[in-house]
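# sharing a sequence plus its predicted fold:
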Amino acid sequence: MGMKHFKAYTPSRRNMTVSTFEEVTKKTPEKSLLAKKKKNAGRNSYGRVTVRHQGGGNRQKYRIIDFKRNKDDMVATVIGIEYDPNRSSNIALIEYEDGERAYIIAPQGLTDGDKVVSGAKVDIKPGNCMPIESIPVGTLIHNIELNPGQGAKMVRSAGQSAQLMAKEGKYAHVRLPSGEMRLVAVRCRATIGSIGNSDHENVKLRKSW
């Protein structure tokens, strides 16, 4: 992903960088997968301002992401990569063989027309989801569940990935991006690969002193 650098024609533009959104291939979101996102403008349930300087901004809608990936052994085709205002990573719109559409976190290297699938016996390929017990040791993974069937809770930010270090009985040792070693049940699901939009950490929206 490329970065756009600005000339310092004002002090606030000095060292400012933004993404060129080269990975994004679809501009408009899927209407059936949108939900309302309410703004409180810093007000509590009584309508009184409890946090100052809040409010304004562009209107946003929440994109419903499929973190469970429980449609096993049904191939889905990537329709497009989209920007999501609610998270640092991009999202991919996929369509299953039965016509159902869903959003998933877009892993690095996933492009339009690629095939992704969930299940216990699928290929070790970016975007495929499977139980940890079926993943080879040493594989980079993301979207990791904490409890089986709960949906992914860990490693969901742009450019991040965890590594499966070992499997012992009912649990697996997973090294998180922070370096922490964590025990995760082998029946929990994870997605293969690292998350895309890795240049998000280089975005600077203000001066750096």
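All right, it came through fine.

# ok, now how distant is residue 136 from residue 36?
Distance of residue 136 to residue 36, given as CB to CB, to the nearest Å: 42 Å. C-beta here means a position set from N, CA and C on the backbone, and glycine is covered the same way.

# ok, residue 188 next?
Applying CB to CB to residue 188 and residue 36 gives a distance of 31 Å.

# which one of these two has more residues nearby?
Taking other CB atoms under 10 Å, residue 188 and residue 36 do not tie; residue 188 has more neighbours (22 against 7).

# name the nearest residue to that one, sequence neighbours excluded.
Excluding its sequence neighbours, the residue lying closest to residue 188 (CB to CB, 6 or more residues apart in numbering) is residue 145, at 3.8 Å.

# low-confidence ranges in this protein?
Judged by pLDDT under 70, the chain has its weakly predicted residues at 1, 207-209.

# which residues touch residue 111?
Residue 111 sits next to 25, 78, 81 when contact means CB atoms under 8 Å, 6 or more residues apart in numbering.

# now do 10 Å
By CB atoms under 10 Å, 6 or more residues apart in numbering, residue 111 lies in contact with 23, 25, 78, 80, 81, 92.

# mind checking what secondary structure it has?
Each residue gets one of three states, and residue 111 gets coil by DSSP: H, G, I helix; E, B strand; the rest coil.

# report the two of the contacts of residue 111 separated the most.
Of all pairs drawn from the contacts of residue 111, the widest gap by CB to CB lies between 23 and 78 and measures 11.9 Å.

# and for the two, which residues touch both?
Listed as contacting both residue 23 and residue 78 by CB under 10 Å, 6+ apart are 92, 106, 110, 111.

# and those, which of them are buried?
Buried by 16 or more other CB atoms under 10 Å: 92, 106, 110, out of these.

# okay if I get those as CSV plus distance to residue 119?
Compiled in CSV, those are given as follows (distance: CB to CB, whole Å):
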residue, distance to residue 119
92, 18
106, 20
110, 18
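
# what sits up against stretch 168-177?
131-133, 135, 137, 141-142, 144, 154-155, 157, 159-167, 180-188, 190, 194-195.

# so residue 75 versus residue 116, what's the distance?
Noted for residue 75: a distance of 8 Å to residue 116, by CB to CB.
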